[in-house]
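Asks: whatever this is, show me its structure:
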Amino acid sequence: MDIIIRYFIAMFFMLGFLFLWYLVQRYSRKFASEHPEFGSAREEGGGCGGGGKCNCGSIKNCTNPKIKHKILKKKIL
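Replies: Alright, predicted model coming up:
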């Protein structure tokens with residue numbers, strides 16, 4: 001019986017942490033949409049250094065069109 005109780009406690013905490021992460025993502029997107037002066041909310045895994053398939057130093061190696069556009073925009077300014 002003790003093992004079953006521990007199992008349900010662990011399941012409860014895992015689901016609770018997932019729900020909290022969902023709320024954090026939701027409120028960060030909401031905040032970003034209400035405050036465009038701070039830029040968009042950065043998602044996990046996006047951008048340079050986060051697996052965005054982009055070498056920030058070179059436009060030639062960038063395969064992500066959003067990042068390529070940002071690099072081109074920075075170089076123009």
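
Asks: kindly spell out which helices and strands sit in contact with the helix or strand where residue 24 lies.
Replies: Here residue 24 is covered by helix 2-34, with elements defined by DSSP states H and E. Judged by 3 or more C-beta pairs under 8 Å, 6 or more residues apart in numbering; DSSP states H and E, helix 2-34 is in contact with no other helix or strand. The C-beta positions use only the backbone N, C-alpha and C, and glycine is treated the same way.

Asks: can you pull the phi and psi angles for residue 39?
Replies: phi 90, psi 180 (degrees, to the nearest 10).

Asks: OK, contacts around it?
Replies: residue 32 (C-beta atoms under 8 Å, 6 or more residues apart in numbering).

Asks: if we go to 7 Å?
Replies: By C-beta atoms under 7 Å, 6 or more residues apart in numbering, the contact set of residue 39 is empty.

Asks: before we move on, what about residue 35?
Replies: With C-beta under 7 Å, 6+ apart, residue 35 has no contacts at all.

Asks: against residue 4, how distant is it?
Replies: For residue 35, the distance to residue 4 (C-beta to C-beta, to the nearest Å) stands at 47 Å.

Asks: cool, and residue 17?
Replies: 21 Å.

Asks: show me where pLDDT drops low in this protein?
Replies: 41, 43-77 (pLDDT under 70).
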